[in-house]
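A.B. asks: Just need the structure, nothing else, for what follows:
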Amino acid sequence: MSDYHDHDATRALDRLAAFEQNVARHQLPVGSPGLQLAGSIVVPGLPTLRRRPLLGIVLAVFGVFLPFVLAAWAFKNRADMVGFALNPRFLTALIAVCLTLVVVRYLAVAEVAHYFRRSPMIGVKAVIAALVVTLFAVPVVIAAYWANDARAMVADVFAGGSGESLYIPDSATDPNAITNVLLIGGDAGPGRWGMRTDTMIVVSVHEASGRTALVSVPRNLVRLQFPPGTPLAAEFPNGFTAHQALANAIFTFVDGRQDLLAHYGAGGLQPQAVALSEGIGYSLGIEIDDYALVNMQGFADVVDAVGGVTLDVAQRVPLPPQSGCQVPATIGPGPVDMDGCLAIAYVRSRQADSDYQRMQRQRQLLAALGSQVSTTEALSAFGSVTGVLGDSMRTSLTSGEFSRLLDRLGDNSAIGESVGLAPPLVTPGDPDYDHIKQILAAVENYVLTGTPSGYAS
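C.D. replies: Below is the predicted model:
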């Protein structure tokens with residue numbers, strides 16, 4: 001009887017021992033903690049899949065799959081990367097992905113550390129893994145910071161895009177056939193908007209064909225006219241006569257009048273630029289869809305940010321002194337590598353020839369900058385450029401429209417005509433606005449049909 005009970009007791013103890021060993025086997029972590037910590041950094045969620053499938057899938061989706069999809073999509077559309085870089089939705093997605101990349105890896109490391117919590121040296125290994133994630137996080141967080149700055153810049157610089165033109169002439173037959181953007185360059189520094197607009201260039205683009213024309217409006221064009229029914233037309237029925245009657249003074253005139261600021265700024269746009277756009281459109285007989293306003297010192301900073309520009313100078317050009325930097329007394333003839341300071345001195349010089357050749361140099365710089373700056377260069381300088389643009393540029397264009405405009409200006413083959421409203425073609429001190437309208441009609445016909453206007457310089 002005793003032997004029987006002893007045998008049962010032995011069998012019970014054996015079963016208990018086997019059970020304890022089985023439990024122990026299931027409780028002991030499986031695998032190498034070091035390898036799983038490394039795997040959680042490279043492919044977060046992969047080491048977690050066997051023990052916690054749902055958590056592993058979540059970590060893999062947010063830590064690997066979504067970033068890969070965003071990167072693949074951006075690479076596929078890399079030709080329009082500048083447009084993406086100025087798109088608020090893309091920037092928001094980029095910020096979210098950057099932050100998620102870092103957070104998911106910290107969570108994946110923490111999960112592995114918890115699973116191997118009884119393993120020797122797991123604390124040291126987890127700390128090392130966390131430090132590796134932190135090193136990985138530094139450039140990612142910097143990218144997110146730049147994207148956030150860019151998003152703030154886009155909100156300040158670019159309009160929401162109402163889709164309405166600033167001025168449409170009564171004679172317009174197909175307002176959607178050509179897009180006209182007025183580029184305005186002022187003599188003020190960053191953050192200052194009360195200025196004289198010494199650079200005024202109408203960019204005309206036929207979207208279907210890509211044909212583009214540039215028309216320079218001289219700063220000393222007098223008696224600019226305004227659409228009937230507007231405050232400036234009521235005040236100057238025979239054309240603008242204040243401040244020596246020069247077109248480049250309209251911006252400053254509007255800036256000093258609260259009633260004009262309130263009227264022309266009713267749509268949330270830059271009121272001085274809206275008033276000038278209406279005057280240019282009405283006087284030239286063309287639709288003005290949008291404007292882009294740049295303080296010239298800010299433009300110099302943009303040239304510096306993208307690494308400069310090279311221009312082929314046809315003849316010796318004496319340069320005016322520039323505040324805050326030194327430039328040579330003369331440059332050219334021949335190719336000249338220019339930083340921002342030298343580029344602005346070149347387009348501002350009046351000693352070399354005249355205001356009208358000056359306008360041609362402005363168009364030359366604009367076309368060269370657009371064609372020479374690659375997408376890679378623009379993106380590598382993105383952090384610097386966004387800071388400059390935020391202080392120095394305002395436009396009624398959306399960020400996407402601005403990106404497409406840059407594409408047009410960067411395609412030298414598309415810029416088929418460059419016209420200056422200068423002597424002998426036009427006498428700015430005594431302009432014949434009917435003749436000017438004929439010139440612009442011929443230019444627009446070129447943009448539409450490809451037939452030369454006969455006025456290109």
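
A.B. asks: and the gap between R257 and P271?
C.D. replies: From R257 across to P271, the span is 9 Å (CB to CB, to the nearest Å). The C-beta positions use only the backbone N, C-alpha and C, and glycine is treated the same way.

A.B. asks: need the helices for the stretch 101-250 of the chain, in chain order.
C.D. replies: Under the criterion DSSP state H, counting those that start in this stretch, the stretch 101-250 of the chain carries helices at the ranges 122-157, 231-235, 250-255.

A.B. asks: coming back round to it: R257 and P271: who's more crowded?
C.D. replies: Between R257 and P271, counted using other CB atoms under 10 Å, P271 has the larger neighbour count: 21 against 17.

A.B. asks: May I have the phi/psi pair for that one?
C.D. replies: Backbone torsions of P271, given as degrees, to the nearest 10, read phi -60, psi -40.

A.B. asks: Okay, it and P237: tell me how far apart.
C.D. replies: For P271 relative to P237 (CB to CB), the value is 21 Å.

A.B. asks: Check L342 too.
C.D. replies: Taking CB to CB, one finds L342 at 44 Å from P237.

A.B. asks: and the host helix or strand of D407, average pLDDT?
C.D. replies: For D407, the host element (DSSP states H and E) is helix 399-409. Averaging pLDDT along helix 399-409 yields 78.

A.B. asks: Just the buried residues of it, please?
C.D. replies: S399, E401, F402, S403, R404, L405, L406, D407, R408, L409 (16 or more other CB atoms under 10 Å).

A.B. asks: ok, now stretch 49-62?
C.D. replies: G56, V58, L59, A60, F62.

A.B. asks: how does the chain divide into domains?
C.D. replies: Domain assignment for the chain, taken from automatic domain parsing, gives 26-157, 179-449.

A.B. asks: which one of those domains has the lowest average pLDDT?
C.D. replies: Per-stretch mean pLDDT for the domains of the chain is lowest at domain 179-449 (a mean of 83).

A.B. asks: quick revisit: so for L342 and P237, which sits in the more crowded spot?
C.D. replies: L342 (22 against 11).

A.B. asks: What distance do you get for the more buried one to R196?
C.D. replies: Taking CB to CB, one finds L342 at 22 Å from R196.

A.B. asks: A108 now?
C.D. replies: Distance from A108 to R196, by CB to CB: 59 Å.

A.B. asks: neighbour-wise, which of those two wins?
C.D. replies: Set A108 next to R196 and count neighbours by other CB under 10 Å: A108 wins out with 29 against 16.

A.B. asks: I'd assumed L59 was in contact with that one.
C.D. replies: Yes - between A108 and L59 there is a contact at 5.2 Å, judged by CB atoms under 8 Å.

A.B. asks: got any residues that touch both of these two?
C.D. replies: Shared contacts of A108 and L59, defined by CB atoms under 8 Å, 6 or more residues apart in numbering, comprise P44, G45, T48.

A.B. asks: which one of those residues sits closest to A242?
C.D. replies: P44 (66.0 Å; CB to CB).

A.B. asks: Please, which helix or strand holds that closest one?
C.D. replies: P44 belongs to no helix or strand, assigned by DSSP H and E.

A.B. asks: okay, which residue is most central for this structure?
C.D. replies: L86 (4.2 Å; CA atoms, centre = their mean).

A.B. asks: returning to that earlier point: would TSV of the buried residues of helix 399-409 with distance to V336 be doable?
C.D. replies: Below are the buried residues of helix 399-409 laid out as TSV (distance: CB to CB, whole Å):
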residue	distance to V336
S399	32
E401	32
F402	28
S403	29
R404	30
L405	26
L406	23
D407	26
R408	25
L409	20
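
A.B. asks: quick revisit: need the helices of the stretch 101-250 of the chain in CSV (columns: distance to Q244 and mean neighbour count).
C.D. replies: As requested, the helices of the stretch 101-250 of the chain are arranged in CSV below (distance: least, CB to CB, whole Å; neighbours: other CB atoms under 10 Å):
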stretch, distance to Q244, mean neighbour count
helix 122-157, 31, 16
helix 231-235, 16, 17
helix 250-255, 11, 22
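
A.B. asks: and of these, who's closest to P67?
C.D. replies: Once those are compared by CB to CB, helix 122-157 is nearest, at 9.8 Å.

A.B. asks: Just want the angle from the closest one to helix 399-409.
C.D. replies: 80 degrees (axes from the mean of the first three to the mean of the last three CA atoms, to 10 degrees).

A.B. asks: Give the other helices and strands that helix 122-157 contacts.
C.D. replies: Applying 3 or more CB pairs under 8 Å, 6 or more residues apart in numbering; DSSP states H and E, we find helix 122-157 packed against helix 33-42, helix 88-115, helix 382-392, strand 393-395.

A.B. asks: which parts of the host helix or strand of A71 are buried?
C.D. replies: Using DSSP H and E, A71 maps to helix 66-76. Across helix 66-76, burial judged by 16+ other CB under 10 Å covers L66, P67, L70.

A.B. asks: coming back round to it: dump the helices of the stretch 101-250 of the chain into a markdown table; add distance to L37 as well.
C.D. replies: Converted to a markdown table, the helices of the stretch 101-250 of the chain look like this (distance: least, CB to CB, whole Å):
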| stretch | distance to L37 |
| --- | --- |
| helix 122-157 | 4 |
| helix 231-235 | 70 |
| helix 250-255 | 62 |
